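[1] Here is a sequence together with a model predicted from it:
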Amino acid sequence: MAGKIGIRLQLPLMTERLVLRDFVEADWQPVHSYASDSEVFRYVEGGPLNDQQTRVSIEKAIASQREDPRLDFRLAVTLKEEGKVIGDTRIRILDPNLHPAYRLLGQAYIGFYLNRHYWRKGYASEVAQVLLAFGFDQLRLHRIFAWCDAENLASARVLEKVGMRREGVLRKNWTIRGEWRDALLYAMIESEWSNWQEAGTRLVSFSRG
Ligand SMILES: CC(C)(COP(=O)(O)OP(=O)(O)OC[C@H]1O[C@@H](n2cnc3c(N)ncnc32)[C@H](O)[C@@H]1OP(=O)(O)O)[C@@H](O)C(=O)NCCC(=O)NCCS
């Protein structure tokens, strides 16, 4: 697929155990098994979702596949062996039409959600690392960042494990179910990605399909 930004994008992305691919309509059901789980939304706003909300969310993800240039990559996280959808992830390039600086900066944010039956098996770390590779090596981004709730230890640990640096605490940055919450900002810039690669600190080996 070639977008106007002139970059060849290769999906699906593959890690040792996972395939990250575009969503299809039928995915709404396995997505709903965790999108309806309040524990998954403990530190994030936007859920749990009812059937209809999950369907709409997948429809939106599918619609974004047709953007040209494509800025939003919300991908299904699937087990390589079984093909089962166990989560979803996103790398979203800041829209250059919203602010000229976004075009110059080449920034994107990442995020991930997994079905709780698959937590603490190292899957999110694989996901985050292949997203960084996709963002820096294929999308040619300059900076990739992520926020998480200050108490979301799992998310913060994933971001640290893949080499993203904690840049600060955003005090009372957003609300979750009506309560103002502190957020942590993590980021990696392109030169750090190169150093990370050279230092052989890659957590997982991955290939691109
Ligand atoms: C955040 C999330 C994706 C992490 O997924 P995961 O696959 O369990 O993460 P990993 O197995 O790759 O674990 C990465 C590290 O975090 C640690 N970790 C995982 N869950 C943890 C927890 N609840 N508390 C403390 N550390 C935790 C792991 O031990 C591992 O560190 P280590 O290798 O040093 O031992 C998962 O917990 C989730 O889906 N949460 C709900 C949605 C969410 O909050 N998403 C983030 C939005 S910003």
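    Cool, the structure landed. Numbers count the residues shown, from 1 in each chain.

[2] hang on, Gly111 is in a strand, isn't it?
    Yes - following the definition DSSP: H, G, I helix; E, B strand; the rest coil, Gly111 is counted among the residues of a strand.

[3] Just give the number of residues close to the closest residue to Ala61 other than its chain neighbours.
    In space, and not counting its chain neighbours, Ala61 is closest to Arg74: 4.1 Å by CB to CB, 6 or more residues apart in numbering. For the C-beta atoms, the positions are set from N, CA and C on the backbone; glycine is no exception. Taking other CB atoms under 10 Å as the criterion, the count of residues near Arg74 is 19.

[4] and Arg74, helix, strand or coil?
    Classification of Arg74 using three-state DSSP returns strand.

[5] Name whatever forms a beta bridge with it.
    Going by DSSP bridges, Arg74 is paired in beta bridges with Arg90.

[6] Would you quantify the distance from it to His32?
    From Arg74 over to His32 the distance is 15 Å, taken as CB to CB, to the nearest Å.

[7] Could you do Tyr186 as well?
    Computed with CB to CB, the distance linking Tyr186 and His32 is 29 Å.

[8] neighbour-wise, which of these two wins?
    In this view Tyr186 and His32 are compared by other CB under 10 Å, and Tyr186 has more residues nearby, 24 against 19.

[9] What is the helix or strand harbouring Glu160 packed up against?
    With elements taken from DSSP states H and E, the one containing Glu160 is helix 153-161. Under the contact definition 3 or more CB pairs under 8 Å, 6 or more residues apart in numbering; DSSP states H and E, helix 153-161 sits against helix 123-133, strand 143-149, strand 165-176, strand 179-189.
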